[in-house]
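> build me a model:
(chains A, B and C)
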Amino acid sequence: MKVILNGEPFETTRADSVTGLLEETGFGGREVAVVLNGEMIPAGARGAYRLSEGDHVELFRFVAGG
Amino acid sequence: MKETGNADDSWTVGGHRFTSRLLMGTGKFRDAETMADAIQASGAQFVTVALRRVGGGSGADDLLESLLKLRGITLMPNTSGARTAAEAIRAARLGRELSGSPFVKVEIHPDPHHLMPDPIETFEAARVLAAEGFAVMPYMPADPVLARRLEDVGCASLMPQGSAIGSGRGLATADMLRLIVRGARIPVIVDAGLRAPSEAAAALEMGCEAVLVNSAVAAAGDPAAMADAFARAVAAGRSAFMAGLMPRGSETAATSTSPLTSFLSPVTP
Amino acid sequence: MPVWLDLPRDQAGGTATQEDVERALACSDPGARELAVLLSPAASPLMEAMAVRARDLTRRHFGRTISLYTPLYLANYCSNGCEYCGFASDRPQRRVHLKPSEMAREMDAITGRGFQELLLLTGERSEPAGVDFLLAGVSLAAERFHHVGIEAFPMTAPEYARMAEAGCSGVTIYQETYDPDRYGRLHRWGPKKDYLERLEAPSRAMAAGMRTVGLGVLLGLSDPVSEALRLFRHANHLRSTYWRSGIALSFPRLRPEAGGFVSPFPVDESMLARIIFAFRIVMPDVPILLSTRERPEFRDGMAGLGVTKMSAGSRTTVGGYGGTEAVDDGQFRISDERSVEEFCAMLRNRGLDPVFKNWDRVFMEAADG
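Numbering: from 1, shown residues only, chains lettered A, B, ... in the order given. A predicted model of the protein is given here:
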């Protein structure tokens, strides 16, 4: 399935949920905030969100600054 | 007048109590280790971090890990990069999701050259976020009326500029800062423009609750040593404020040639 | 008593030296500590230096102007037993109130003398002279004056809001004395006996959006220094809480009145002048009022030395400006009986400009519409 991850096309091999996508991209146990099609998905609710073809997914995390 | 009478001279913002009056930014350090060392040396309990999209799926350059190794640090996500209230509000919500704390340093600077805070967008974002329960700490121009307006909409503190961000011009806004401090019933934290520890001490001497520094430490020859110097200057400035400074003796009262008070009668009516 | 009114023990100023006074005079950001020092006995030999500083600060913040206003008593009914007041309920005064047509005639007589600012006064809230009566007076005044103030009885916030809506932009309410025990004894009966109810009235007026609130103590009732220090704390508390409203200060001294009350703490002119100088120094931007209670020579001397706003040609009777004939003895005796013209001529002679209109009602109407 093809999704747009952080603005770039990304071909998932097996993931069909937000949780699965995080695992597949190596962010499984990490501190990231997830935005799916413009909507923030709270950490506790990620398993319940299925991915569909063409979904926009953005991952955010803290960096140095400000 | 603010309550300052705690036995340990701690201060409170957003329901959290802090004993350190030096807040640290995390930008512009040469590497994560230098940053962690400097923050440790500063004694800061309150540290601001930015929020960015994860780059290309890579997990490298992870700031959070070196920060989390330090004990007793509260993270204050900032909205740097936001150019409008709407962008800052979105960043604040993401920041809360990640930090789990109510703090947000609202910073909105549409001008990429001078990073001057936009007072109108900042006010709007502060109004919305305070209503959502955030402990809003706005980075703002040193404008006393804006300070009142931000306090009125429920901000947890005020973070006026000492001078332009990164300029190292110190407390160029000192007169305005004094008016802000005099009027505020929430903590005033000088943010931006400091270069030398003496400037941080001066901010505390005038009654500011704390200061936030970043470039002054990150760009110093020895960041950890400079962080320590700032920590001691802040403590000294605070002690001086609590002790009560001697009035300045600059204005000398001229004596009048023709007495102004000769009309007064000693008789009580 | 609320915490913000407490006087810290170290700020009593009793042990101040002349050097402390000189430092306070030179201080760039004076506060409560400096006020205590300036009111201490050590400041007495430095009156001239205080006057110079007060004049310079007054000039810096207000220029060479004196704002003028005049009081109009609308009624003298009163259920209070203030021991010092000529309108107290046990005084043998003829009790009257102005009818709306009489109010209008009095106001026209006052505008005829050039005034654009009017202060409306009543006694305690009463059946013939309550909120609706005062509202009628405010509405009539708002048609004729640019600034209408009231000095009446404490009101609820909604009542103050109604006053503001009718065109009232200022509320004057003096605590008289900040000493709660003395307050209780001097206010022998009536609603005014409630110290806190009166103390909190300025907050309610400011919360209701009143543009200015006048505070003051009646000098002569209690130790003037503690009164001044508490007044300063009250003013600061209000200024930090209600930043959109302004405050004004007044230091009326007890005057002879019909009941013959004798002041337990007489304040002489020199002390009154010192209090005014000291407040100008610690609150350089706050209007300070001086009424016709004081004799002409004192008023002339104080104009511009801290004082920025003065009444002139005043009557303390109900009516009496020419629209109606006064039938009562007045609240107290005035000392300066000069006409407005004479008073303005004096100000001009001293290089001061009498100002009748400080701001324009038209801006308020524009904002509403």
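> distance between the helix or strand encompassing B:A86 and the chain's centre?
Assessed by DSSP states H and E, B:A86 sits inside helix B:85-99. Computed by CA atoms, centre = their mean, to the nearest Å, the chain-centroid distance of helix B:85-99 equals 20 Å.
> what comes up buried for it?
Under the neighbour-count criterion of 16 or more other CB atoms under 10 Å in any protein chain shown, helix B:85-99 has B:85, B:87-99 buried. Glycine gets a C-beta too; all of them are placed from N, C-alpha and C.
> tell me what it is packed against?
strand A:33-36, strand A:39-41, strand A:56-63, strand B:46-53, strand B:74-77, strand B:103-106, helix B:119-131 (3 or more CB pairs under 8 Å, 6 or more residues apart in numbering or on different chains; DSSP states H and E).
> in a helix, A:R14, correct?
No - applying DSSP: H, G, I helix; E, B strand; the rest coil, one finds A:R14 to be coil, outside a helix.
> for it, what are phi and psi?
Dihedral angles of A:R14 (phi, psi; degrees, to the nearest 10) stand at phi -130, psi -20.
> how about chain A: which residue is closest to chain C?
When scored by CB to the nearest CB, chain A has A:G66 as its residue closest to chain C, at 29.6 Å.
> wasn't that residue part of a strand?
No - using three-state DSSP, the assignment for A:G66 is coil, not a strand.
> ok, it touching B:S80?
Yes - counting by CB atoms under 8 Å, A:G66 touches B:S80, with 4.1 Å between them.
> what sits in contact with each of the two?
B:A50, B:E107 (CB atoms under 8 Å, 6 or more residues apart in numbering or on different chains).
> and the contacts of stretch B:29-39?
Contacts for stretch B:29-39 (CB under 8 Å, 6+ apart): A:64, B:24, B:26, B:47, B:61-63, B:65-67, B:69-70, B:73, B:217-218, B:223-224, B:226-227.
> which of those are buried?
A:64, B:24, B:26, B:47, B:62-63, B:66-67, B:73, B:217-218, B:223-224, B:226-227.
> and the helix or strand hosting C:V52, is it in reach of chain B?
Here C:V52, judged by DSSP H and E, is contained in helix C:47-62. Yes - Helix C:47-62 reaches chain B (CB under 8 Å from any CB of the partner chain) through C:M47, C:E48, C:A49, C:A51, C:V52, C:R53, C:R55.
> check stretch C:249-261 too.
Yes - using CB under 8 Å from any CB, stretch C:249-261 reaches chain B at C:R253, C:R255, C:P256.
> does the first one touch C:R293 like I think?
Yes - with the criterion set as CB under 8 Å, C:R253 and C:R293 qualify as a contacting pair; they are 6.2 Å apart.
> tell me where the model's unsure across chain C.
For chain C, the stretches flagged by pLDDT under 70 are C:8-13, C:258, C:358-369.
> pick out the residue of it closest to chain A.
Here chain C gets closest to chain A at one residue, C:W243, 29.6 Å apart by CB to the nearest CB.
> can you give me phi and psi for the residue found closest to that residue once you drop the neighbours it is linked to in the chain?
For C:W243, ignoring the flanking residues on the chain, the nearest one in space by CB to CB, 6 or more residues apart in numbering or on different chains is B:R148 at 4.9 Å. Per-residue torsions, B:R148: phi -60, psi -40 (degrees, to the nearest 10).
> pull the number of nearby residues for B:R148.
17 (other CB atoms under 10 Å in any protein chain shown).
> quick check: it vs B:A203, distance?
Going from B:R148 to B:A203 by CB to CB, to the nearest Å gives 20 Å.
> and for B:G95?
Taken as CB to CB, the span from B:G95 to B:A203 is 26 Å.
> pick out the residue of the stretch 101-250 of chain B closest to chain A.
B:E107 (6.4 Å).
> that residue - how many residues pack around it?
The number of residues packed near B:E107 is 28, by other CB under 10 Å.
> okay, it: pLDDT?
Reported pLDDT at B:E107 in the predicted model: 95.
> try B:S101
87.
> wait, a helix at it?
No - remark: B:S101 does not belong to a helix; assigned using three-state DSSP, it is coil.
> give the contact list for it.
By CB under 8 Å, 6+ apart, the residues touching B:S101 are B:H16, B:T74, B:L75, B:M76, B:A135.
> and the helix-or-strand element of chain A with minimal mean pLDDT, what does it pack onto?
Scoring the helices and strands of chain A by mean pLDDT, DSSP states H and E places helix A:18-24 at the bottom, with a mean of 83. Other helices and strands packing on helix A:18-24, by 3+ CB pairs under 8 Å, 6+ apart, are strand A:33-36, strand A:56-63.
> buried residues in that helix?
When burial is assessed from 16+ other CB under 10 Å, helix A:18-24 yields the following buried residues: A:V18, A:T19, A:G20, A:L21, A:L22.
> also stretch C:309-324?
C:309-321, C:323-324.
> how about the helix or strand in which C:D132 is found: buried residues?
If you go by DSSP H and E, C:D132 is part of helix C:131-142. Neighbour counts using 16+ other CB under 10 Å place C:V131, C:F133, C:L134, C:L135, C:A136, C:G137, C:V138, C:S139, C:L140, C:A141, C:A142 of helix C:131-142 among the buried residues.
> for it, what is the distance to the chain centroid?
Relative to the centre of its chain, helix C:131-142 is centred 20 Å away, using CA atoms, centre = their mean.
> what's the first helix or strand after that helix?
Beyond helix C:131-142 toward the C-terminal end (DSSP H and E), the next one is strand C:147-151.
> and for the residue nearest to B:R53 when sequence neighbours are not counted, the neighbour number?
Once flanking residues are discounted, B:R53 sits nearest to A:N6: 5.0 Å by CB to CB, 6+ apart. Residues lying near A:N6 (other CB under 10 Å) number 17.
> pretty sure A:N6 contacts A:F60?
No - in this structure, A:N6 is not within contact of A:F60 by CB under 8 Å, at 9.1 Å.
> hey, what's in contact with both of the two?
Common neighbours of A:N6 and A:F60 (criterion: CB under 8 Å, 6+ apart): B:R53, B:V54.
> how about low-confidence regions in the chain?
Went with chain A since none was named. In the predicted model of chain A, residues A:29-30 satisfy pLDDT under 70.
> nope, chain B please
B:1-7, B:55-64, B:247-258, B:266-269.
> again, only using 50
Within chain B, the stretches with pLDDT under 50 are B:1-4, B:57-60, B:250-252, B:269.
> all helices for it, in order.
Applying DSSP state H to chain B gives helices spanning B:32-42, B:63-68, B:85-99, B:119-131, B:144-152, B:174-183, B:197-205, B:215-218, B:223-243.
> adding distance to B:L51, write these out as TSV.
Shown next, in TSV, are the helices of chain B (distance: least, CB to CB, whole Å):
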stretch	distance to B:L51
helix B:32-42	17
helix B:63-68	11
helix B:85-99	5
helix B:119-131	14
helix B:144-152	22
helix B:174-183	28
helix B:197-205	27
helix B:215-218	19
helix B:223-243	23
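> wait, which of the ones you listed is closest to A:G47?
Closest of the helices of chain B to A:G47 is helix B:85-99, at 15.9 Å (criterion: CB to CB).
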